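In: Kindly return the folded structure for what I paste below:
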Amino acid sequence: MKKSVKIRLVVMAHPDDPELACGGTIAKWTEQGDEVYYIIVSCGEKGTWDRDVSPFNVAETREKEANEAAKYLGVKKVIFLRHPDGNIGLANTLKLEIAALIRKLKPHTIVTHDPWRRHFHPDHRATGFIVIDAIMIARDWHFYPFLREIGLEPHRADELLLTPSDNPTFINDISKTLDRKIKAIRIHKSQLGQLPNWEQRIKKMAETVGETSGFKYGEGFFQMRI
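Out: Okay, here's the model as predicted:
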């Protein structure tokens, strides 16, 4: 009997966030035949410590890297929304944009940043909360009636996965796909100078998360039913 294909939608703030947050899980999904899509909210044009480089060049480089990394992992498509880096919380149309794409793509699983996690970047928090708002708009009948007029009927995904999480409720075994995660992160060459000892840190984190469930390496998620 043929296994049913699941659509997985990963919505992240910056071009390298999907691989850093859950690259092992993405590799696992594509290897089992699922369709994975990315929505990247920001161009990431401020993601450099070089004061002399043009933000436009940074954005162009990072989009190329994101496409290459996604292709390596077997992702079906990367959708760039190109909102300004650092100001995602001020993007008034963003929750509607994401809701419309959820209705179009009809994912089984949606993955985004855990907005309640203790972390530094405001774009991660903003994206997490906005995606949660977008899920409600996408699933409920009476939000934005014009969406139905253009053929975007309501869609309720089966699960929301928030990652990384301070309190994961689901650990995915990535023991067989950690190497692919590492190789995908390496493709984001423009960012690696700002991530000292990144490979050792990624492996150590995956080891720490995995051992809580008896895995060699794992990625943790806070799982919510939608």
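In: which residues sit against whichever strand or helix holds K71?
Out: Element membership for K71, per DSSP states H and E: helix 55-73. Applying C-beta atoms under 8 Å, 6 or more residues apart in numbering, the contact partners of helix 55-73 are 14-16, 18-19, 23, 26-27, 30, 36, 38, 40, 43-48, 78, 80, 82, 85, 180, 183-185, 187-191. Backbone N, C-alpha and C define where each C-beta goes, glycine included.
In: rerun that using 6 Å as the cut-off
Out: Here helix 55-73 makes contact (C-beta atoms under 6 Å, 6 or more residues apart in numbering) with 15, 19, 26-27, 30, 38, 43-45, 48, 78, 80, 184, 187-188, 190.
In: Quick one: low-confidence residue ranges for the protein.
Out: Within the chain, the ranges that satisfy pLDDT under 70 run 1-3.
In: Look at K104 and say how many residues are nearby.
Out: 17 (other C-beta atoms under 10 Å).
In: Ok, K183 next?
Out: K183, neighbours per other C-beta under 10 Å, totals 15.
In: Point me to the helix or strand that includes it.
Out: Using DSSP H and E, K183 falls within helix 178-186.
In: just to revisit the earlier point, next, give me the two most distant ones among the contacts of helix 55-73.
Out: T30 and T48 (29.6 Å; C-beta to C-beta).
In: mind checking how far the helix holding K183 is from the chain centre?
Out: On the basis of C-alpha atoms, centre = their mean, to the nearest Å, helix 178-186 sits 15 Å off its chain's mean C-alpha point.
In: Now stretch 103-116 - C-alpha only, CSV.
Out: The C-alpha coordinates for stretch 103-116 follow below in CSV (Å, rounded to 0.1, in the frame of the first residue of the first chain):
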residue,chain,number,x,y,z
ARG,A,103,-4.7,27.9,2.7
LYS,A,104,-3.0,27.5,-0.6
LEU,A,105,-0.4,24.8,0.5
LYS,A,106,-2.7,22.9,2.9
PRO,A,107,0.1,21.6,5.2
HIS,A,108,-0.3,18.7,7.6
THR,A,109,2.4,20.2,9.8
ILE,A,110,3.5,23.8,10.4
VAL,A,111,6.9,24.5,12.0
THR,A,112,8.0,27.9,13.3
HIS,A,113,10.0,29.6,16.1
ASP,A,114,8.8,29.0,19.7
PRO,A,115,7.9,32.6,20.7
TRP,A,116,8.0,31.7,24.4
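In: what comes into contact with it?
Out: 6-11, 37, 124-125, 127-129, 131, 138, 152, 155, 157-162, 165, 222.
In: Can you select the buried ones among these for me in PyMOL?
Out: To isolate the buried ones among these in PyMOL, judged by 16 or more other C-beta atoms under 10 Å, type:
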select buried, resi 7+8+9+10+11+37+124+125+127+128+129+131+138+152+155+157+159+160+161+162+165+222
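In: now, which of the contacts of stretch 103-116 lie within helices?
Out: Under the assignment DSSP state H, the contacts of stretch 103-116 contribute 124-125, 127-129, 131, 138 to helices.
In: would TSV of the residues you listed with distance to G210 be doable?
Out: Formatted as TSV, the ones in helices among the contacts of stretch 103-116 follow (distance: C-beta to C-beta, whole Å):
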residue	distance to G210
H124	23
R125	26
T127	26
G128	23
F129	28
V131	26
A138	32
